[in-house]
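[1] Sequence below, structure please.
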Amino acid sequence: MADELLSQEEINLLLQTLGKEEEKKVEVTEERIRPLDLSLFERISAGRIPGLELIFERWINGLRRALTSIVATIPTLFKEGVSIVRFGELIAKLPVPSAIGLFNIEPLRGTCLITIDPKLIYIVVSTVFGGGAKPYRIEGKDFTRIELKLIQRLLNACYQELEIAWNTVLEVKINPVGIETNPALLTIARSREKFILFRLVVVIEGSDGIIQLAIPEHAIAPYREILKGTTEAKTRDVEQNLLKQLQKVPINLEVVLGRTSISFKELLELKAGDVISLEKLLREPVEVRVEGIPKFEAFLGQVGSKKAVKMHRVLKKED
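    Below is the predicted model of the structure:
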C-alpha cells in the first residue's frame, strides 16, 4: 500500500502541471472569441438591381441631350460604376468647394444628392463663354454668382431627366431642397449610413469630370422587389399597349327588363299571343349586367329605330 502513494515532490509537480493545462485552455478560449470588426465590411457590393440599372441608363441618355443644349456641343457620357458607400466616406472624398445638389424623391424616404465635379463646372463655364474645354485649378476658390447660376442650371437638367427616367419604372416627383458648397456642413445622414452611389463620367472636348448620384439605401428598400422585377413590363409604353389590348376584349352586356314567376303548369299552357306581366313598371330603372354581374342601373329609351338604355348610376357591392 505504501508503494502506491505519491511523494510530496510528485504531488507538487502534478499540481503545477494541472494549473498550466488550465491556463492553456483559458488562453485558447480567449483567442477564439473575438468581437466582430464591422469595419471589414465597409465596402459592400451594390448588387444587381435591374430596375435601378434601367433608371441609370435612361438618365444617361436623357442627360446627354440636356447637356448638349447647355454646352452647345455633344458630350460623351458613360457609367463608371455603381457601389454602396458610407455617407462619411462619400463626403470625405469631396473637394472644397463642391457643387452638391440636395433633393427628395417622392415617395422615397430620405434626402438624395447629386455632386458635380468642380473641374467639370469650370469646363462647362469655359465652353459656354466661347473658350476651350480646359479645367482650372479650383482648390480653396469659392464659386462666383455666374458659376452658381450655371451649377443650378446643370442641377435642374439632372433633376428633370432623373424624374423622367424614374417615371418609366415607378411614378415619382423630384423636389429640389438646395445647394451646398461645403461638404463638411452636410448633415442629411449619419456617417455610417449607406448610400447607393452612381458615378457618371462626362467628357467634353477631351476633358472630363464626374457627376455622382447618391440615394440612401433605405429609401429604395420598400420598392426593392419592384426594382428587381421585370421593369420593362412597368414602363408607360408597355402599360398603354396592354390597356389598348384589354379594351379590345369583347364582353357580354345584358339588360334585365323585369322579372316574374309563374308555375310550371302556366308555362305549359302558354300559347302565341299570351301576355306575361313583369314585376316592373315601364318608367322604373332596369338592371344592366356585364358578364352576368349587375354593374349599372339604366332607363329604357330609343335611338332612331333602335332600342337603347341610358346609364343612370353605377351599382355598388351593397346594392
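[2] Val290 versus Val249, what's the distance?
    Computed with CB to CB, to the nearest Å, the distance linking Val249 and Val290 is 12 Å. In this view, the C-beta of every residue, glycine as well, is placed from N, C-alpha and C.
[3] More neighbours: those two, which one.
    Neighbour totals were compared for Val249 and Val290, and Val290 leads with 12 against 6 (other CB atoms under 10 Å).
[4] Looks like the more buried one contacts Asn252 (just checking).
    Yes: using CB atoms under 8 Å, Val290 and Asn252 qualify as a contacting pair, with a distance of 7.4 Å.
[5] need the contact list for Val203.
    Residues in contact with Val203, defined by CB atoms under 8 Å, 6 or more residues apart in numbering, are 75-78.
[6] pLDDT value on it, please?
    Per-residue confidence at Val203 stands at 89 (pLDDT).
[7] Would you double-check that it falls in a helix?
    No: for Val203, which was evaluated using DSSP: H, G, I helix; E, B strand; the rest coil, the result is strand, with no helix membership.
[8] Leu63 versus that one, what's the distance?
    Taken as CB to CB, the spacing of Val203 relative to Leu63 amounts to 13 Å.
[9] Check Val71 too.
    Summarising the geometry, the distance separating Val71 from Leu63, computed by CB to CB, is 12 Å.
[10] Neighbour count for these two, which is higher?
    When Val71 is set against Leu63 and neighbours are counted by other CB under 10 Å, the residue ahead is Leu63, at 22 against 19.
[11] Where does the record place the domain boundaries for this structure?
    Here the domain parsing of the chain from automatic domain parsing is 50-241, 250-314.
[12] Relative to Gln8, which of those domains is closest?
    Distance to Gln8, taken as CB to CB, is lowest for domain 50-241 among the domains of the chain, at 61.7 Å.
[13] dump the residue contacts of Leu315.
    Listed by CB under 8 Å, 6+ apart, the contact set of Leu315 reads 287, 294-297.
[14] what about the strands in the stretch 51-200 of the chain?
    Along the stretch 51-200 of the chain, counting by DSSP state E, counting those that start in this stretch, strands occupy 76-86, 99-106, 112-116, 173-180, 194-204.
[15] and the one residue sitting closest to the centre of the chain, what element?
    Centre of the chain computed as the mean C-alpha position; nearest residue by CA atoms, centre = their mean is Ile220, 5.2 Å away. Element membership of Ile220, judged by DSSP states H and E, is helix 217-220.
[16] That helix packs against which elements?
    With contacts defined as 3 or more CB pairs under 8 Å, 6 or more residues apart in numbering; DSSP states H and E, the packing partners of helix 217-220 are strand 194-204.
[17] partners of the strand it packs on, with directions?
    Using DSSP bridges, strand 194-204 pairs in its sheet with strand 76-86 (antiparallel), strand 207-216 (antiparallel).
[18] Give me the mean pLDDT for the shortest one.
    To tie it back to what came earlier, the one meant is strand 207-216. Here the mean pLDDT over strand 207-216 is 92, rounded to a whole number.
[19] Just give me how far that strand sits from the chain centre.
    Its chain's C-alpha centre lies 18 Å from the corresponding centre of strand 207-216 when counted by CA atoms, centre = their mean, to the nearest Å.
[20] So what touches it?
    Defining contact as CB under 8 Å, 6+ apart, one finds that strand 207-216 is touched by 56, 59, 63, 80, 90, 105, 108-117, 119-121, 123, 133-135, 158, 162, 189, 193-202.
[21] how does it look with 7 Å?
    90, 110, 112-117, 119-120, 123, 133-135, 189, 193, 195-202 (CB atoms under 7 Å, 6 or more residues apart in numbering).
[22] Show me which of the residues you listed are buried.
    When burial is judged by neighbour count using 16 or more other CB atoms under 10 Å, the buried members of the contacts of strand 207-216 are 90, 110, 112-117, 119-120, 123, 133, 135, 189, 195-198, 200-202.
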